[in-house]
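S.K.: how does the following fold in three dimensions:
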Amino acid sequence: MAGGTYAQQAPAPRPYRITTTTAALFAQAQARPAPASIVSDKQGFTRSGETFTLRLTKGRRLRLVSKPTAAFEEESAELTYVGKLAHLPKYVLHVLYYEGSAYLLVDETTGVIDTLQGPPVPSPKRGAVAALYQGYPFEGALNGVEVFQVAAPHLRRKFSIAQGKWVPYELAWVDERNFLIKCLPVAVEEAIDRGKLPEKTRQNSQKFTYLRVTMR
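M.R.: Next comes the predicted model:
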């Protein structure tokens with residue numbers, strides 16, 4: 001409309017804030033006692049060939065079929081039974097794809113499957129779960145972390161951080177609102193892959209960056 005004015009809506013604030021931290025603080029957080037994430041428990045799980053059967057409540061069963069990785073087979077989805085979550089009634093399975101992998105959390109009551117891009121890491125009081133995912137070096141894949149709020153027996157996705165500047169390696173919770181990430185810049189990963197830096201660079205703590213994520 002001529003002469004009219006239009007109000008621009010401010011973007012919604014992010015549910016987190018990222019700041020830098022240090023290797024010393026990461027080591028300190030990592031050294032704190034942490035709650036168990038996954039326990040080795042096969043009760044309710046059986047396998048026959050490539051068919052995985054999970055017993056649910058009320059006598060029901062969920063069957064998943066593993067498709068082992070074969071040469072040049074892009075449709076592969078090879079399953080491995082890992083155990084159960086220590087603090088929620090969920091089976092944990094790992095699935096290996098042609099490129100990348102994921103963790104499947106199967107609810108023991110409903111059979112509903114939550115897919116995480118990395119192993120679940122619970123917060124100190126188990127109110128949240130974080131999972132790192134490494135997309136590098138797969139083309140088009142992003143690197144970052146996803147965070148879920150625990151509303152027992154469910155997980156609700158709170159937010160995810162996906163970017164192409166750093167590759168996450170480890171995560172350590174500080175408290176229910178803060179966790180730290182140990183990561184390597186993508187530029188360093190590329191230099192290693194191109195032979196400009198030695199493989200042992202990944203063991204050099206001075207090359208890593210440390211980030212603090214604070215949930216709002």
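S.K.: pLDDT below threshold where in the chain?
M.R.: Along the chain, the model assigns pLDDT under 70 to residues 1-10, 69-74, 140.
S.K.: 90 instead, please
M.R.: 1-13, 34-36, 58, 68-76, 97-101, 117, 135-142, 151-154, 201-207 (pLDDT under 90).
S.K.: identify the bridge partners of the residue nearest the centre of it.
M.R.: Taking CA atoms, centre = their mean, the centroid of the chain lies closest to residue 131, which sits 2.3 Å from it. When bridges are called by DSSP bridges, residue 131 pairs up with residue 146.
S.K.: next one: residue 214
M.R.: Under the criterion used (DSSP bridges), residue 214 bridges to residue 17, residue 178.
S.K.: equivalent analysis for residue 90, please.
M.R.: Going by DSSP bridges, residue 90 forms beta bridges with residue 107.
S.K.: now do the contacts for residue 166.
M.R.: 143, 183, 184, 185, 186, 209, 211 (CB atoms under 8 Å, 6 or more residues apart in numbering). (Each C-beta comes from the backbone N, C-alpha and C, glycine too.)
S.K.: check contacts around the residue nearest to the centre of the chain.
M.R.: By CB under 8 Å, 6+ apart, residue 131 lies in contact with 103, 116, 117, 118, 119, 120, 121, 145, 146, 147, 148.
S.K.: can you pick the most crowded of the residues you listed?
M.R.: Within the contacts of residue 131, most neighbours by other CB atoms under 10 Å means residue 145, with 24 neighbours.
S.K.: does that one really touch residue 167, like I thought?
M.R.: No - Residue 145 lies out of contact with residue 167 (CB atoms under 8 Å); the separation is 11.4 Å.
S.K.: related to what we said a few turns ago, ok, the residue nearest to the centre of the chain to residue 138 distance?
M.R.: As judged by CB to CB, to the nearest Å, residue 131 and residue 138 stand 17 Å apart.
S.K.: that'll do, ta.
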